[in-house]
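Asks: The following block contains a protein sequence and its predicted model.
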Amino acid sequence: MTEPEARHRVVVIGAGFGGLQAVLRLKGAPVDITLIDRRNHHLFQPLLYQVATASLSPSEIAWPIRHLVAGRPEVRTILGEVTGVDVAGKAVQLKGEPPVPYDTLLVATGARHAYFGHDDWEPFAPGLKDIDDATDIRRRVLMSFERAEVEPDPAVRQALLTFVIVGAGPTGVELAGTIAELAHHTMAQDFRALNPKEARILLVEAGPRVLSAFPEDLSNYARQALERLGAEIRTDHAVTACDADGVMLGTDRIPAKTVIWAAGVQASPAAAWLGAEADRAGRVMVAPDLTVPGHPEIFVVGDTARLDAWDGKPLPGIAPAAKQQGQHVADTIRARLEGKAEARPFRYKHAGSLATIGKRAAVIDFGWIKLRGWLAWWIWGFAHIYFLIGLRNRLTVALSWLWIYTTGQRSARLITGRHKEE
């Protein structure tokens with residue numbers, strides 16, 4: 001008797017949008033898939049800021065990976081930490097576990113916070129990339145009000161009620177708008193010794209305007225909408241120092257007990273694992289077909305990859321782009337298994353850019369049309385609900401948003417966990 005022919009082994013590192021999309025797209029293909037992630041859940045990152053600002057609970061935007069692939073016997077899931085890749089031996093190295101061999105490797109490990117050479121600022125200005133970050137920020141924000149309620153020193157109380165968000169991209173704008181609503185509306189009647197409306201929400205941007213990737217008229221509208229919510233905007237100001245007591249903007253000292261970092265990202269160490277060329281943000285310089293040059297068996301997608309395929313610009317670090325790349329990789333693997341060896345250049349289709357400002361305003365740039373205000377907010381909401389996984393989550397999030405929209409109340413205002421300094 002002859003041995004059965006071994007199936008093609010695909011290893012996917014990262015269960016984010018790109019990695020998970022590739023796994024889902026490969027359903028029915030003659031492959032064995034190993035999906036590796038250091039967390040046991042897939043996260044809908046575009047709504048992570050709503051967990052950080054007490055609008056949604058973590059379970060509403062995250063799903064266990066094993067549940068998502070439960071009906072796929074050809075998919076093996078490993079909860080583990082990747083420490084490197086043996087490119088010559090075609091194996092992924094794991095911390096404390098045996099290497100995982102592959103025939104095709106997909107690296108979709110995302111990005112982390114970038115502090116532009118000031119990593120010592122991270123303890124004082126956390127970024128927002130995962131659920132742990134979100135619940136930590138939620139705790140810091142809510143605890144600031146609780147401490148201010150019993151703080152007798154007016155200067156310390158004002159520092160507790162000052163919230164600085166560094167970086168005015170979509171995440172920074174969305175955080176500033178929601179924190180302003182939380183302070184000035186949701187919790188306006190909750191305290192006795194302080195007035196939450198006295199909270200100062202400061203959005204800092206080193207560039208000349210907020211939402212710099214959007215057309216200037218939409219950027220101006222977003223700024224005006226934030227100011228109507230009570231947020232203060234400082235453009236053309238870079239953070240020069242950051243510590244437990246606040247930030248420095250040039251020579252201007254801003255006392256603040258809560259600082260949130262939304263100013264930049266740094267790719268995962270995938271380029272070092274692969275010995276591949278990387279750009280300044282650490283993203284792997286991939287070929288037009290999303291492979292590592294010289295290694296057609298290795299694909300890199302999402303925030304880990306650099307490809308100037310968006311009208312000559314780098315692909316945007318957004319969920320739709322990552323999902324399209326994951327789909328492209330899966331289709332390429334299928335084509336190769338069918339004997340079609342020619343390279344398949346990736347073609348990106350930009351569906352539009354969206355950002356929300358509070359619970360009643362948003363901006364949308366579809367290219368052929370630009371929208372702002374309440375209509376854009378409803379379209380933004382429907383788009384995000386559509387991309388959530390599962391009917392239950394769509395209904396839960398829709399009902400939560402409807403409740404917030406009509407009453408202004410946020411039911412996820414829970415202070416959980418303990419800070420390491422307490």
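Replies: Thanks, I have it.
Asks: Spell out, range by range, the helices that occur in the stretch 101-250 of the chain.
Replies: With helices called from DSSP state H, counting those that start in this stretch, the stretch 101-250 of the chain shows them at 131-149, 154-160, 170-181, 216-228.
Asks: Could I get those in CSV, plus columns for mean pLDDT?
Replies: Converted to CSV, these look like this (pLDDT from 0 to 100):
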stretch, mean pLDDT
helix 131-149, 96
helix 154-160, 97
helix 170-181, 96
helix 216-228, 97
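Asks: ranking those helices by burial, who's on top?
Replies: Comparing those by mean neighbour count (mean count of other C-beta atoms under 10 Å), helix 170-181 comes out on top with a mean of 27. C-beta: built from backbone N, CA, C; applies to glycine.
Asks: what's the closest of the helices of the stretch 101-250 of the chain to residue 189?
Replies: Closest to residue 189 of the helices of the stretch 101-250 of the chain is helix 131-149 (C-beta to C-beta; 12.6 Å).
Asks: Do I have it right that residue 105 meets residue 89?
Replies: No: the pair residue 105 / residue 89 is not scored as a contact, 11.7 Å apart, by C-beta atoms under 8 Å.
Asks: These two - which one has more neighbours?
Replies: Per other C-beta atoms under 10 Å, whichever of residue 105 and residue 89 has more neighbours is residue 105, with 26 against 10.
Asks: okay, that one: pLDDT?
Replies: Residue 105 is assigned 98 on the pLDDT scale.
Asks: same deal with the one 10 residues further on?
Replies: As summarised for this prediction, residue 115 has a pLDDT of 93.
Asks: which ones are touching it?
Replies: Taking C-beta atoms under 8 Å, 6 or more residues apart in numbering, we find residue 115 in contact with 121-122, 125, 261, 263-264.
Asks: excluding its backbone neighbours, what's nearest the spatially most central residue of the chain?
Replies: The centroid of the chain falls nearest to residue 45 when counting by C-alpha atoms, centre = their mean (4.2 Å). Excluding the flanking residues, the one nearest residue 45 by C-beta to C-beta, 6 or more residues apart in numbering is residue 319, at 7.0 Å.
Asks: Going along the chain, name the strands of the stretch 201-350 of the chain.
Replies: Secondary structure of the stretch 201-350 of the chain by DSSP state E, counting those that start in this stretch: the strands cover 231-234, 239-243, 246-249, 252-255, 258-261, 265-267, 284-285, 291-292, 295-300, 305-306.
Asks: Mind telling me which of these the model trusts least?
Replies: When I compare those, strand 265-267 is least confident, with a mean of 89.
Asks: to the chain's geometric centre, what's the distance from it?
Replies: Between the centre of strand 265-267 and the centre of its chain there are 11 Å (C-alpha atoms, centre = their mean, to the nearest Å).
Asks: List the buried residues for it?
Replies: 265-267 (16 or more other C-beta atoms under 10 Å).
Asks: ok so, going back, of the strands of the stretch 201-350 of the chain, which is nearest residue 187?
Replies: Taking the strands of the stretch 201-350 of the chain one by one with C-beta to C-beta, strand 258-261 is closest: 14.4 Å.
Asks: Partner strands of that closest one and their direction?
Replies: Neighbouring strands of strand 258-261 in its sheet, by DSSP bridges, are strand 162-166 (parallel).
Asks: which residues are in contact with the strand it pairs with?
Replies: 125, 141, 144, 172, 175-176, 179, 183, 199-204, 239, 246-247, 254-263.
Asks: In ChimeraX, how would I select the buried members of those?
Replies: What follows is the ChimeraX syntax selecting those of the contacts of strand 162-166 that are buried according to 16+ other C-beta under 10 Å:
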select :125,141,144,172,175,176,179,183,199,200,201,202,203,204,239,246,247,254,256,257,258,259,260,261,262,263
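Asks: quick revisit: Throw the contacts of residue 115 into JSON lines and include distance to residue 49, thanks.
Replies: Shown next, in JSON lines, are these (distance: C-beta to C-beta, whole Å):
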{"residue": "121", "distance to residue 49": "20"}
{"residue": "122", "distance to residue 49": "18"}
{"residue": "125", "distance to residue 49": "15"}
{"residue": "261", "distance to residue 49": "13"}
{"residue": "263", "distance to residue 49": "14"}
{"residue": "264", "distance to residue 49": "16"}
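Asks: Hmm, which of those is lowest in pLDDT?
Replies: Ranked by pLDDT, those bottom out at residue 264, which has 82.
Asks: Burial check on that one, number of neighbours?
Replies: Counted with other C-beta under 10 Å, residue 264 comes out at 16.
Asks: What of residue 285?
Replies: Neighbour count for residue 285, taken as other C-beta under 10 Å: 16.
Asks: and the closest residue to it other than its chain neighbours, what does it touch?
Replies: Among residues not flanking residue 285 along the chain, residue 277 sits closest, at 4.5 Å (C-beta to C-beta, 6+ apart). Contacts for residue 277 (C-beta under 8 Å, 6+ apart) come out as 271, 284-285, 293.
Asks: Could you identify which of these has the most neighbours?
Replies: Compared across the contacts of residue 277, residue 284 has the highest neighbour count, 28 neighbours, by other C-beta under 10 Å.
Asks: For the residue nearest to residue 285, grab phi and psi.
Replies: Backbone torsions of residue 277, given as degrees, to the nearest 10, read phi -70, psi 140.
Asks: can you tell me the helix or strand for residue 402?
Replies: For residue 402, the host element (DSSP states H and E) is helix 391-407.
Asks: name the helices or strands packed onto that helix?
Replies: Helix 391-407 sits against helix 374-387, with contacts defined as 3 or more C-beta pairs under 8 Å, 6 or more residues apart in numbering; DSSP states H and E.
Asks: orientation of the helix it packs on relative to helix 391-407 in degrees?
Replies: Counting by axes from the mean of the first three to the mean of the last three C-alpha atoms, to 10 degrees, helix 374-387 points 160 degrees away from the direction of helix 391-407.
Asks: What is the neighbour count of residue 372?
Replies: Here the count is done by other C-beta under 10 Å, and residue 372 has 21 residues near it.
Asks: what are the ranges of the strands in the stretch 1-150 of the chain?
Replies: Assigned by DSSP E, counting those that start in this stretch, the strands in the stretch 1-150 of the chain fall at 8-13, 31-37, 41-43, 62-64, 75-79, 82-86, 91-94, 97-101, 104-107, 111-113.
Asks: circling back to that earlier point, can you pull the buried residues of the helix holding residue 402?
Replies: For helix 391-407, a neighbour-count test (16+ other C-beta under 10 Å) marks 393-394, 396-397, 400-401, 404 as buried.
Asks: Nearest to residue 37 among those residues?
Replies: Using C-beta to C-beta, residue 393 is the member of those that lies nearest residue 37, at 19.3 Å.
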